[in-house]
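# got a predicted structure plus its sequence, pasted below:
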Amino acid sequence: MAMDSIFWLVIAAALVVLEANTVSLVCIWFAVGAVAALLTSLVFDHWLVQSIVFVAVSILALLCTRPLVEKMRQRRIEPTNADRNIGRNATVLEPIVPGKTGRVRLDGVDWAARGRGEAILEAGQQCRVFDMQSTVLIVEPQPEHSTASV
């Protein structure tokens, strides 16, 4: 085996090992290019031809697969049952003041809650669930015109 072939074999192997140790798909395209250059080195004994094949195949592999990889890597947000609470009305059980966590009741279930903004919510007051962070509801005073029940 010629030195060129050994060089491309080592490069391809190193890139495959590097790719196997990452989760970002950063160098698999170059490994494909190195394999193509290795195969080219078996036919052509000219370093420039091998290098051009390496660059061309790497770019082609990147252009062909990158959109697919990006689509697969996009984070999918899975809806949960808790998402259904957003926009619903709850009753304040413990006062909610800025910077402090209080309690609200929503559908007979007590939840930890924080106020949105600087609103102060008193016990017994109706509020609307604006958002949810982990298991804490973010609430705001209920709009005056809403007639929805808890």
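Perfect, thanks for sending it.

# and Ala13, backbone torsions?
Dihedral angles of Ala13 (phi, psi; degrees, to the nearest 10) stand at phi -60, psi -40.

# so how far is Asp131 from it?
Computed as Cβ to Cβ, to the nearest Å, the Ala13 to Asp131 distance reads 50 Å. For glycine as for every other residue, the C-beta is placed from the backbone atoms N, C-alpha and C.

# Cys27 now?
When Cys27 is compared with Asp131 (using Cβ to Cβ), they lie 40 Å apart.

# which parts of the helix or strand of the chain with the lowest mean pLDDT are buried?
Lowest mean confidence among the helices and strands of the chain (mean pLDDT, DSSP states H and E): helix 47-73, at a mean of 87. Within helix 47-73, the residues that count as buried by 16 or more other Cβ atoms under 10 Å are Gln50, Val53, Phe54, Val57, Ser58, Ala61, Leu62.

# got it, and stretch 84-91?
With burial defined by 16+ other Cβ under 10 Å, the residues of stretch 84-91 counted as buried are Asn85, Asn89, Ala90, Thr91.

# how many other residues sit next to Gln125?
Residues near Gln125, counting by other Cβ atoms under 10 Å, number 17.

# quick one on the thing from earlier: who has more neighbours, Cys27 and Asp131?
Comparing Cys27 with Asp131 by other Cβ under 10 Å, the one with more neighbours is Cys27, at 18 against 14.

# how far away is that one from Trp8?
Applying Cβ to Cβ, the value for Cys27 to Trp8 is 15 Å.

# quick one, what contacts Ala37?
By Cβ atoms under 8 Å, 6 or more residues apart in numbering, Ala37 lies in contact with Trp8, Ile11, Gln50, Ser51, Val53, Phe54, Val57.

# one step back: mind putting the buried residues of stretch 84-91 into TSV with distance to Cys127 and secondary structure?
Shown next, in TSV, are the buried residues of stretch 84-91 (distance: Cβ to Cβ, whole Å; DSSP: H, G, I helix; E, B strand; the rest coil):
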residue	distance to Cys127	secondary structure
Asn85	12	helix
Asn89	7	strand
Ala90	6	strand
Thr91	8	strand
